[in-house]
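Enquirer: sharing a model prediction with you, sequence too.
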Amino acid sequence: MTLNFIDTNVLIYANDQNAGNKQNRAIKVVTSCMKLQTGVLSIQVMQEYANIASKKLGQDAAVILRQLKLLEVFPIVCPSPKMVRRSVELQFSYRISFWDAGIIAAAEEADCDFLLSEDLNPGQYYAGLEVINPFDPKSRANEVIGIELS
C-alpha cells in the first residue's frame, strides 16, 4: 500500500476558512487519506497545526482539540533520538531547515512513498520520498492520493 505523509500546511489549509480553493483541496486530501488509510502524520505536524491554528487561524481550544482528536485516526510517528540525528543529516545533506528535515525523517521512518506538501520542492526526492504539492493542479496529486482534487 502506498503511504502519504501529510505536512502541516495541508492541515492548516483544511481548517482555514479564508483559504478558498486550497481549503477544498486540503479537505479532500485529508478525507481521502482517512478513507483509504494511506495518510501518516507525526507529532511535529500535530504540534505545528495546534500552534498555527491558535495563533494564525484564531481557533479556540475546543476546536483545536476536536481536530487533534480527529487526526488520531492516522498512524502517528513519534520522535526518537535516531530521528533527531537523521534530521540533522537531512538538514545538511539537502540544505533545508531542521524542521523540514524532521518532517522528512518522520515520513522516512513511517516508510511513506510521498510527502504531501507545498513547502518543499515538488517533484524532488528527499531520501527516496517524492514531494507532491496537492495544491498544484499540474502535479501527480490526483494519481497519488487516489481521488480527483479539482
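Expert: Nice, thanks for sending it over.
Enquirer: lowest-confidence helix or strand of the chain?
Expert: In the chain, the helix or strand scored least confidently by mean pLDDT, DSSP states H and E is helix 141-145, which has a mean of 75.
Enquirer: and that helix, what other elements does it pack with?
Expert: Contacts defined by 3 or more C-beta pairs under 8 Å, 6 or more residues apart in numbering; DSSP states H and E place helix 141-145 against helix 21-36, strand 114-116. Where C-beta positions appear, they are placed from N, C-alpha and C, glycine not excepted.
Enquirer: so what are the sheet partners of the last one and their directions?
Expert: On the basis of DSSP bridges, the sheet neighbours of strand 114-116 come out as strand 4-6 (parallel), strand 129-132 (parallel).
Enquirer: in PDB, could you pull the C-alpha coordinates for the last one?
Expert: These are the backbone C-alpha positions of strand 129-132, laid out as PDB (Å, rounded to 0.1, in the frame of the first residue of the first chain):
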ATOM      1  CA  LEU A 129      10.500  10.200  -0.700                       C
ATOM      2  CA  GLU A 130       8.800  12.200  -3.500                       C
ATOM      3  CA  VAL A 131       7.300  15.600  -2.700                       C
ATOM      4  CA  ILE A 132       3.800  16.100  -4.200                       C
END
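Enquirer: the chain should start at 706 in everything you say after this.
Expert: Got it, the first residue is 706 from now on, which makes the last one we talked about strand 834-837.
Enquirer: next, the buried residues of that strand.
Expert: Buried residues in strand 834-837, counting neighbours by 16 or more other C-beta atoms under 10 Å, are found at 834, 836-837.
Enquirer: will you turn the helices and strands packed on helix 846-850 into JSON lines that also has mean pLDDT, mean neighbour count and distance to residue 781?
Expert: Converted to JSON lines, those look like this (pLDDT from 0 to 100; neighbours: other C-beta atoms under 10 Å; distance: least, C-beta to C-beta, whole Å):
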{"stretch": "helix 726-741", "mean pLDDT": "93", "mean neighbour count": "18", "distance to residue 781": "13"}
{"stretch": "strand 819-821", "mean pLDDT": "96", "mean neighbour count": "26", "distance to residue 781": "16"}
